[in-house]
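**Student:** my questions concern the predicted model and sequence given below.
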Amino acid sequence: SIELSVNKFSGKLPKELGNLYKLRYLFLHSNDFTGTIPEEYGKLTRLIKFEIYGNAFSGPIPDSVCELTESRNLEKIKIDCDEAGNFTIGCNCCVCREHWG
């Protein structure tokens, strides 16, 4: 597991995390990460949970990552949504995170 949530980390995500092929949980939410989700994260075939909401990502989630939700153990990826329930970045395999009042 890698738990980096709520740390005010910023910058782009390192593509090298995609080499951690035994990784099962990756929590990156509630930071200031920017850029896109690296294509290399599609190699995380044992990933079960991937939470990335609360950041400033751009661009769509790579197809290689979405394919993990279809053919592997990965649950839906939690990302931010606007008030209308639309994803803030392109994703066909995500769910809106739950907003707690």
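**Tutor:** Great, that's in hand.

**Student:** and Thr69, its phi and psi?
**Tutor:** Thr69 adopts backbone torsions of phi -80, psi -20, taken as degrees, to the nearest 10.

**Student:** can you report how many residues neighbour it?
**Tutor:** 19 (other C-beta atoms under 10 Å). For every residue, glycine as well, the C-beta is placed using N, CA and C.

**Student:** repeat that for Val6.
**Tutor:** Neighbourhood size, Val6 [other C-beta under 10 Å]: 11.

**Student:** quick one: contacts for it?
**Tutor:** Val6 sits next to His29, Ser30, Asn31 when contact means C-beta atoms under 8 Å, 6 or more residues apart in numbering.

**Student:** how about the contacts made by Gly85?
**Tutor:** Gly85 neighbours (C-beta under 8 Å, 6+ apart): Cys96.

**Student:** would you mind measuring from it to Cys96?
**Tutor:** Distance, Gly85 to Cys96, by C-beta to C-beta, to the nearest Å: 6 Å.

**Student:** what of Tyr53?
**Tutor:** Computed as C-beta to C-beta, the Tyr53 to Cys96 distance reads 8 Å.

**Student:** give me the common contacts of the two.
**Tutor:** Shared contacts of Tyr53 and Cys96, counting by C-beta under 8 Å, 6+ apart, come down to Lys78, Ile79, Asp80.

**Student:** show me what contacts the last one?
**Tutor:** Contacts here follow C-beta under 8 Å, 6+ apart; on that basis Asp80 touches Tyr53, Gly54, Asn55, Phe87, Thr88, Ile89, Cys96, Arg97.

**Student:** turn those residues into TSV, including neighbour count, pLDDT and secondary structure.
**Tutor:** Supplementary listing: those in TSV, determined by neighbours: other C-beta atoms under 10 Å; pLDDT from 0 to 100; DSSP: H, G, I helix; E, B strand; the rest coil:
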residue	neighbour count	pLDDT	secondary structure
Tyr53	21	91	coil
Gly54	17	92	coil
Asn55	22	93	coil
Phe87	16	86	strand
Thr88	16	86	coil
Ile89	18	87	coil
Cys96	16	88	strand
Arg97	17	82	coil
